[in-house]
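# no sequence on this one, just coordinates:
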């Protein structure tokens, strides 16, 4: 198999599953071939990626030609063969850079979001005609791309699940966190991810309020995308009288250490395309409760290696209480979830599949 020079492109400002996947791609592909990364300066991904070989471009919504010209020059200078982009808003920058470059590299998008319609105009047809391949992160996403993108402009489609691995845990930090939050025998409910309405952190607060008489503590791990939503959560905590039961940690790089505090992790997004945090928790042997839509339906066998809920805080509270009252079920689900991840969502195996897809 020929080695190809790969460029990972992501100008997104935040740090969630999509951006973490960019970092994973770079870390894995750079062990096999030359891999460059192009990101936005001072973004959360910039802070997270602890490498010196980063190239910065500022996205322009109204004048994408300027960042595209800068990227095209970088592509030619570094003899890039494949542009691998992730954030849908980067599509115009990536396509223009490909067209403007001398090398005309293969353009591949990892599609982390579903598609509900296609803008059937010349501009969008031109964009998709210049994409060589789309990597769908679930079968549902692949089906949507087949349904909505017209066949005459549809790129080649491939489906490869995301993967994760068992991370090294700093037990010293875990013990420090236990002491910091005075954790003894509480049943700890966690939710990890960007703090925003669609992620459903408010549902966890509502569920904990319904279980207020139980020995439960909740950790909401992640930074707020918008101050308004953060203030809403803080107000809910105050109104429900949960100041001693709900912790808002803010941004942290110690996500895996925080997960070690959890008895259960929740994904409360209304419709999560994949749910990287689901398999990360399962790899940490933390039972998952996830919304019964989108990606979790392709990951979790309900009642066997995780629990699914209908998206309401009432049903979420019922699932939390079920685990609260059944330690044996907690252990069974945790072990089954771990075994599934090692078999079906193993990072090295999934990255090998994706690399083969990119360079084929």
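Arrived safely. Just so you know, these numbers come straight off a predicted model, no measurement behind them.
# max-length helix in this protein?
In the chain, with assignment by DSSP state H, the single longest helix is helix 327-344.
# list the buried residues of that helix.
Buried residues in helix 327-344, counted by 16 or more other C-beta atoms under 10 Å: 330, 333, 334, 336, 337, 338, 340, 341. C-beta coordinates here come from the backbone N, C-alpha and C atoms, glycine included.
# next: stretch 121-141.
125, 127-128, 130-138, 140-141.
# picking up where we left off before, residue 33: which of the buried residues of helix 327-344 is nearest?
Lowest distance from residue 33 to the buried residues of helix 327-344 (C-beta to C-beta) belongs to residue 341, with 26.4 Å.
# residues in contact with the closest one?
Residues in contact with residue 341 (C-beta atoms under 8 Å, 6 or more residues apart in numbering) are 164, 279, 282, 283.
# pick out the most distant pair among those.
The distance between the two most remote of the contacts of residue 341 (C-beta to C-beta) is 8.0 Å, for 164 and 282.
# of these two, who's got more company?
Applying other C-beta atoms under 10 Å to residue 164 and residue 282 shows that residue 282 carries more neighbours, namely 28 against 22.
# mind checking pLDDT for the more buried one?
Residue 282 carries a pLDDT value of 97.
# before we move on, what about residue 317?
What the model reports as pLDDT for residue 317 is 98.
# try residue 1
For residue 1, pLDDT reads 52.
# of the contacts of residue 341, closest to residue 152?
residue 279 (35.8 Å).
# which parts of the stretch 151-300 of the chain are helices?
Using DSSP state H, counting those that start in this stretch, the helices found in the stretch 151-300 of the chain span residues 171-180, 201-210, 227-240, 255-259, 276-283, 296-299.
# elements contacting the second one?
Just to be clear, that refers to helix 201-210. The contact analysis (3 or more C-beta pairs under 8 Å, 6 or more residues apart in numbering; DSSP states H and E) places helix 201-210 against strand 187-192, strand 216-221, helix 227-240, helix 313-324.
# list the buried residues of the last one.
Residues of helix 313-324 classed as buried by neighbour count (16+ other C-beta under 10 Å): 313, 315, 316, 317, 318, 319, 320, 321, 323, 324.
# any chance of a markdown table for those, columns distance to residue 96?
Formatted as a markdown table, those follow (distance: C-beta to C-beta, whole Å):
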| residue | distance to residue 96 |
| --- | --- |
| 313 | 45 |
| 315 | 46 |
| 316 | 44 |
| 317 | 49 |
| 318 | 50 |
| 319 | 47 |
| 320 | 48 |
| 321 | 53 |
| 323 | 50 |
| 324 | 53 |
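# give the contact list for residue 148.
Residues in contact with residue 148 (C-beta under 8 Å, 6+ apart) are 115, 116, 117, 118.
# residues contacting the closest residue to residue 288 other than its chain neighbours?
Spatial nearest neighbour of residue 288, chain neighbours left out: residue 306 (4.1 Å); criterion: C-beta to C-beta, 6 or more residues apart in numbering. Residue 306 makes contact with 278, 282, 287, 288, 289, 290, 296, 299, 300, 333, 337 under the criterion C-beta under 8 Å, 6+ apart.
# which one of these sits closest to residue 44?
When those are compared against residue 44 (criterion: C-beta to C-beta), the nearest one is residue 278, at 21.0 Å.
# would TSV of the buried residues of helix 327-344 with distance to residue 58 and pLDDT be doable?
Shown next, in TSV, are those (distance: C-beta to C-beta, whole Å; pLDDT from 0 to 100):
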residue	distance to residue 58	pLDDT
330	47	97
333	45	98
334	44	98
336	46	98
337	41	98
338	42	97
340	41	97
341	37	97
